[in-house]
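K.L.:
could you work out the structure for the sequence below:
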Amino acid sequence: MLRMKKRPGGTTHLSISLPTEEAKILKRRAKRVYDGNVSRVVSDAVRYVAYEEGRDELIASFSGRGKPTPAEAAQLDAAWGIVAKKSA
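P.N.:
Numbering: from 1, shown residues only. This next block holds a predicted model:
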């Protein structure tokens, strides 16, 4: 049995409950992209959420004066090299 290397910086164990279809999506992507490692898929998703949180904080720092429309947000994503990938 192969063991995964410890991640630098430590880890935190989480227990989550997901609807069956969402769990299937995670597992399918894990199998396709990360040799079955669901934690890696979740880490990717968290990094994307962190990006969105940072973007929202930046926008909020303009006191609402710079709130982009959905189309403008998509343009910013493209300009910053963020590409939304479809799961499966």
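K.L.:
could you list the low-pLDDT ranges of this protein?
P.N.:
Applying pLDDT under 70 to the chain flags residues 1-7, 64-66, 82-88.
K.L.:
check which helices and strands the helix or strand where Arg29 lies sits against.
P.N.:
Secondary structure from DSSP states H and E places Arg29 in helix 20-33. With contacts taken as 3 or more CB pairs under 8 Å, 6 or more residues apart in numbering; DSSP states H and E, helix 20-33 sits against helix 38-60. Every residue, glycine included, has its C-beta placed from N, CA and C.
K.L.:
now do the following helix or strand past the helix it packs on and helix 38-60, the angle between them.
P.N.:
Going down the chain from helix 38-60, the next helix or strand is helix 70-79, by DSSP H and E. Orientation of helix 70-79 against helix 38-60 (axes from the mean of the first three to the mean of the last three CA atoms, to 10 degrees) gives an angle of 120 degrees.
K.L.:
and helix 70-79, how far out from the chain middle?
P.N.:
17 Å (CA atoms, centre = their mean, to the nearest Å).
K.L.:
would you mark the buried spots in that helix?
P.N.:
Buried residues in helix 70-79, defined by neighbour count with 16 or more other CB atoms under 10 Å: Ala73, Asp77.
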